[in-house]
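Attaching a predicted model along with its sequence, questions to come.
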Amino acid sequence: MHRILIIGATGTVGRLVVSQLQVTGAQVRALVRNPDAARFPPLVEVVRGDLTLPETLDACLEGIDTVFLVWVAPPAALAPALERIVKHAQRIVLLSAPFKTPHPFFQQPNPARKIGEQIERLIESSGLQWTFLRPGMFARNALGWWAPQIRAGDLVRWPHLSAPTAPIDECDIAAVAVQALCGEGHFGTEYVLTGPQSLSQFEQVSTIGRAIGRSLRIEEISPDEARREWLPSMPASVVNMLLDAWAAAIGQPAFVTSTVEEITGTPARTFLEWATDHAAEFRV
């Protein structure tokens, strides 16, 4: 029986990994900063820990053989935290990003890229049995980008509408993570995970309209307009990274893999399926 610690258990993917592990029989422990505020199934052991306070990690890792890691702390905490993990665990599954993928969408300057490369190098040299998960664009980003506009009316204003991506359902990311955590044959592997379809941003917004039963008006805005509207609420590095990535992707299909089906035995869920599941979040 695997004894698994989930670091990043309250996040989008981490919470789904916890939920999906429940049916495997694994012993699951969730590391959180505030156990009183965490809500998990009764069989999940919830422990208090903080990646920036490495002395809190030993108790969290006691008796653990496998770790699922979503890195959410400053770079300076990397080495001390990993030192604690190596003392206890034998294998680690890291939620990373597809920054090695030879597609222009993934090759734009990214503020998180150096941190990702640093933690991967540390893990590779740690002696742990490792697996890196590299999901592309999350389908869930649509909730932050388009749901506020759709809840306010039928008009969606957005830049680079012809730019294609292959959005992945976060449930599929979690399903691959569970296989990597509990199965064999995943050590030393890097899995690039995408949805099953290359869809332009225009097509994605249209798909949401179909899922919620509304005819949406979709208007292209310039990158400069987007910058003016987004900079008050988003870091400039993130705004520029997104705009540059979409611009670089125009004119070619999105990078699509079949890895979800190969690892889980089930085809990756379509964006329409995801939008249908989350239709209520796009309604007033």
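Perfect, I can see it now.

Can you list the low-confidence ranges for the stretch 51-200 of the chain?
Filtered on pLDDT under 70, the stretch 51-200 of the chain yields no residues whatsoever.

hey, where'd the helices end up in it?
For the stretch 51-200 of the chain, applying DSSP state H, counting those that start in this stretch gives helices covering 57-61, 78-88, 113-124, 141-145, 147-152, 170-182.

will you turn those helices into CSV that also has mean neighbour count?
Any C-beta I mention is one placed from the backbone N, CA and C, and that applies to glycine too. Shown next, in CSV, are the helices of the stretch 51-200 of the chain (neighbours: other CB atoms under 10 Å):
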stretch, mean neighbour count
helix 57-61, 18
helix 78-88, 17
helix 113-124, 16
helix 141-145, 16
helix 147-152, 15
helix 170-182, 23
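
Among those helices, which comes closest to residue 213?
Closest approach to residue 213 among the helices of the stretch 51-200 of the chain is made by helix 147-152 (11.8 Å; CB to CB).

distance between the closest one and the chain's centre?
23 Å (CA atoms, centre = their mean, to the nearest Å).

Can you spell out which helices and strands pack onto it?
When contacts are defined as 3 or more CB pairs under 8 Å, 6 or more residues apart in numbering; DSSP states H and E, helix 147-152 packs onto strand 155-159, helix 201-212.

Make a markdown table out of the ones you listed and add distance to residue 258.
Shown next, in a markdown table, are the helices and strands packed on helix 147-152 (distance: least, CB to CB, whole Å):
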| stretch | distance to residue 258 |
| --- | --- |
| strand 155-159 | 29 |
| helix 201-212 | 20 |
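
Using CSV, lay out the ones you listed together with distance to residue 4 and mean neighbour count.
Listed next are those as CSV, based on distance: least, CB to CB, whole Å; neighbours: other CB atoms under 10 Å:
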stretch, distance to residue 4, mean neighbour count
strand 155-159, 39, 18
helix 201-212, 34, 20
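
right, so of these, which gets closest to residue 39?
Each of those has some distance to residue 39 by CB to CB; the shortest is helix 201-212, at 27.3 Å.

Now do the closest one against strand 155-159, angle only.
Orientation of helix 201-212 against strand 155-159 (axes from the mean of the first three to the mean of the last three CA atoms, to 10 degrees) gives an angle of 150 degrees.

Quick check: residue 87 touching residue 62?
No: contact criterion CB atoms under 8 Å: residue 87 and residue 62 do not qualify, at 10.1 Å.
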